[in-house]
Structure formats: C-alpha cells, structure tokens
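Colleague: would you be able to build a 3D model of this:
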Amino acid sequence: MTHHLPAEVLARRDRLPGKPAAVVLTGTRVELRPLDLDEHVEALFAVSCGQPYTLGDRRIEAYDPDALVWRYMKGGPHPDVTALRAYLAPQVLASDMLALAVIDRVHGTPVGVAAFMANQPADLKIELGSIWYGPIAQGTGASREATMLMLSHAFGLGYRRVEWKCDSLNERSRSAAISYGFTFEGIQQAHYIVKGKNRDTAWYRMLDHEWPDVRQRAQASGLVLK
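Modeller: As a prediction, the model looks like this:
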C-alpha cells in the first residue's frame, strides 16, 4: 500500500549530498576515517597480502589472501601496494561513495575498509559495502563495531533504508548481515560478472524504524553508540 510521506521526511532529501560527506566515526575498538591512499594504503596492503602479521599480542601466520579476504570482492588478491592503490582509488573518487579506513584505535593501524556507497538521497537509501578486513582483525569485533557506527551515522542523517549486499556464496558476509540485525530480502540472480564468474547477489536491508531495537541490543552488548 502506497502512502504519502510527511513533509519532514521528504525534506531530508535536500539536506543529503550525492557524495556522502566526510566524517570520522569513533568507537571503543575502531575509528573510521576517510580513506587516504597516501596515508593508509601501505598498511592496508600489509594486513591483506597473505604475509604473517603481528598487531599487539595478536599474530597471524602466512595465509591465503584469496580465501580469507578477496574471494568475493571485485578485485584482489593484489600483488603489491600499487595494485591495491589502483583498486581503492576509484572508490575514493566515486561520486556516490565515501570509502573509510577502519583503524585499530589501540595501535593506530588500518585493518580494513568499509564504505557508504550506492548513495541515493532522493530515495533516502544508502548501502554499506566494499567491506573487507585483514585476518588480524577478523573475529575481534572490529567489523561489528564499525558497522554499528556506520548505521548510527546513516540513520542519524535521516536515511530510511540501509542496504547490505554480498555474493550469495559468501556465507561469512551473509551470517554477519543477519547477526548485525539486517533482514534478508532475497537473491538477485545473474546480478554481476565478477572475475569472470557469475555472481548472484544476496540482498539485506535495515529500515529506520528497526534501528532503535538494533541499537539497543548493540548497546546492551557493550558497544558505545550515540
């Protein structure tokens, strides 16, 4: 059933830019900052290239970067820093996207990337995507906190709908979406061709009226959100 939206809701569209405005989102474990290739790309390569890595008291031995990071992304694994920079540069420049470096606050080290993307202010919807983390950060709660910070920011700006999409074969991403409070909407078949392979895309979403309950559960688990 269709219905007219209140004038206040419609007015939000005029306040939102096509390219999401730069922002710094600070949590307990991570801080999200606009991705700066000169500042962040070497560290991001180090956490995602397959080589052993140590951060504080955590250590990751050599691993398969395709299996643990890049298999379901549109690029990667990347052979060197230059290749990773070339992959990330269009995300920084995209007119409907804000790429963010996810930084471990204790050590000041970038451990992954997440983005506001596919921004459609006219429809008050935006996507969280192009998300990846080095194995050093996987399983630490960094992704959960980063996602909650981004959701809080998006709904605080006035968006009605936040989307999460992933390859239907990407079980880790699908499980994460559900655990973060997104609702599964279905599979879009033959959505993309990625690395020469068919991609069916699993769609998830969260709506503005659902966010307060998600936020309350996140805060009850110990996350600090505005």
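
Colleague: and P79, how far is that from S130?
Modeller: Going from P79 to S130 by CB to CB, to the nearest Å gives 20 Å. For glycine as for every other residue, the C-beta is placed from the backbone atoms N, C-alpha and C.

Colleague: same thing with A218?
Modeller: Distance, A218 to S130, using CB to CB: 22 Å.

Colleague: neighbour count winner among P79 and S130?
Modeller: S130 (22 against 10; other CB atoms under 10 Å).

Colleague: which element is M148 on?
Modeller: Using DSSP states H and E, M148 falls within helix 142-157.

Colleague: which element follows that helix toward the C-terminus?
Modeller: Where DSSP H and E defines the elements, the next helix or strand beyond helix 142-157 is strand 161-167.

Colleague: so which bits of that following strand are buried?
Modeller: Across strand 161-167, burial judged by 16 or more other CB atoms under 10 Å covers 161-167.

Colleague: partner strands of that strand, with direction?
Modeller: strand 125-133 (parallel), strand 197-207 (antiparallel) (DSSP bridges).

Colleague: just name the most buried of those.
Modeller: Among the strands paired with strand 161-167, strand 125-133 has the highest mean neighbour count (mean count of other CB atoms under 10 Å), at a mean of 22.

Colleague: tally of neighbours for the spatially closest residue to V69 that is not a sequence neighbour?
Modeller: Nearest non-adjacent residue to V69, counting by CB to CB, 6 or more residues apart in numbering: S48, 4.9 Å away. Neighbours of S48 under the rule other CB under 10 Å: 28.

Colleague: per-residue pLDDT, S48?
Modeller: Predicted confidence (pLDDT) for S48: 98.

Colleague: what do you get for the one 3 residues further on?
Modeller: Here, the pLDDT recorded for Q51 equals 98.

Colleague: count of neighbours near it?
Modeller: 13.

Colleague: the strands in this protein, which residues?
Modeller: With DSSP state E as the definition, the chain shows strands at residue ranges 25-26, 30-34, 53-55, 58-60, 98-104, 109-120, 125-133, 161-167, 183-194, 197-207.

Colleague: dump the ones you listed to CSV, plus distance to A83.
Modeller: As requested, these are exported to CSV (distance: least, CB to CB, whole Å):
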stretch, distance to A83
strand 25-26, 28
strand 30-34, 21
strand 53-55, 18
strand 58-60, 21
strand 98-104, 17
strand 109-120, 15
strand 125-133, 15
strand 161-167, 21
strand 183-194, 17
strand 197-207, 20
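
Colleague: tell me which of the ones you listed sits nearest to A142.
Modeller: If you check each of the strands of the chain against A142 by CB to CB, strand 30-34 wins as the nearest, at 5.1 Å.

Colleague: tell me the angle of the closest one relative to helix 142-157?
Modeller: When axes from the mean of the first three to the mean of the last three CA atoms, to 10 degrees is applied, the directions of strand 30-34 and helix 142-157 differ by 60 degrees.

Colleague: so where's the protein uncertain?
Modeller: Filtered on pLDDT under 70, the chain yields the residue ranges 1-2, 226.

Colleague: so which residues make contact with the helix holding M148?
Modeller: 12, 15-16, 23, 25-30, 32, 100, 102, 104, 111-112, 114, 116, 126, 128, 131, 133, 137, 162, 176, 179-180, 206, 208, 211, 214-215, 218, 223, 225-226 (CB atoms under 8 Å, 6 or more residues apart in numbering).

Colleague: for that helix, buried residues please.
Modeller: The neighbour-count check on helix 142-157 (16+ other CB under 10 Å) flags 142-155, 157 as buried.
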